[in-house]
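1. Provided below for reference: sequence and predicted model.
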Amino acid sequence: MAMGLTTPGKRRGKRGKRAAMAEINVTPLVDVMLVLLIIFMVTVTLPAVGVPIELPESRANAVEEAPEQVTISIDSEGRVYIGDNAVPTGALPDALATLDRNAAGELPTIVLRGDRSLDYGRVMAVMGELGRAGFTSISLVTDGSVTPP
């Protein structure tokens with residue numbers, strides 16, 4: 001029987017020949033940063049329209065956005081906006097007539113944002129013009145509320 005003799009201070013095999021790592025593994029850092037970016041993108045709320053309006057409160061459930069919708073806003077002074085564009089007084093019927101129909105030939109869904117300080121009659125006047133123009137799908141936008149009326 002032969003026994004393997006080794007000289008002191010020397011090791012056998014590759015176990016003892018580890019070199020120092022010269023680079024840092026950044027894969028976990030990139031993974032964490034991507035997760036944080038996704039969380040940030042999901043939680044950030046973007047304003048739908050640039051017209052500053054204080055919306056009334058409601059306890060109604062949220063409605064999903066339609067892909068083809070037009071936002072009409074009425075500010076506290078009663079001025080009407082289609083998207084971010086102001087509509088001159090009395091020109092709402094003409095502005096509504098210029099809105100495009102979708103591929104099926106239907107009028108788009110109207111999302112109506114009215115300031116909470118507005119007179120109810122002003123909002124109804126705009127809704128009346130929408131009805132006269134043939135728009136049948138109109139959604140009212142409100143802020144969420146926790147207190148029942």
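-> Sure, I can see it. Computed from a predicted model, the values in this text were never measured in an experiment.

2. for the protein, just list every one of the helices.
-> 27-43, 92-97, 120-132 (DSSP state H).

3. can you put those helices in TSV and add distance to Glu106 and mean neighbour count?
-> (Glycine included, C-beta is placed from N, CA and C.) Formatted as TSV, the helices of the chain follow (distance: least, CB to CB, whole Å; neighbours: other CB atoms under 10 Å):
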stretch	distance to Glu106	mean neighbour count
helix 27-43	31	9
helix 92-97	14	15
helix 120-132	14	14
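
4. include mean pLDDT and distance to Asn85 when you put these into JSON lines, please.
-> As requested, the helices of the chain are arranged in JSON lines below (pLDDT from 0 to 100; distance: least, CB to CB, whole Å):
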{"stretch": "helix 27-43", "mean pLDDT": "91", "distance to Asn85": "28"}
{"stretch": "helix 92-97", "mean pLDDT": "89", "distance to Asn85": "8"}
{"stretch": "helix 120-132", "mean pLDDT": "89", "distance to Asn85": "15"}
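
5. so which of these comes closest to Asp84?
-> Between Asp84 and those, the tightest spacing by CB to CB is seen for helix 92-97, at 13.1 Å.

6. lowest-confidence helix or strand of the protein?
-> Ranked by mean pLDDT, DSSP states H and E, the weakest helix or strand in the chain is strand 57-58, scoring a mean of 68.
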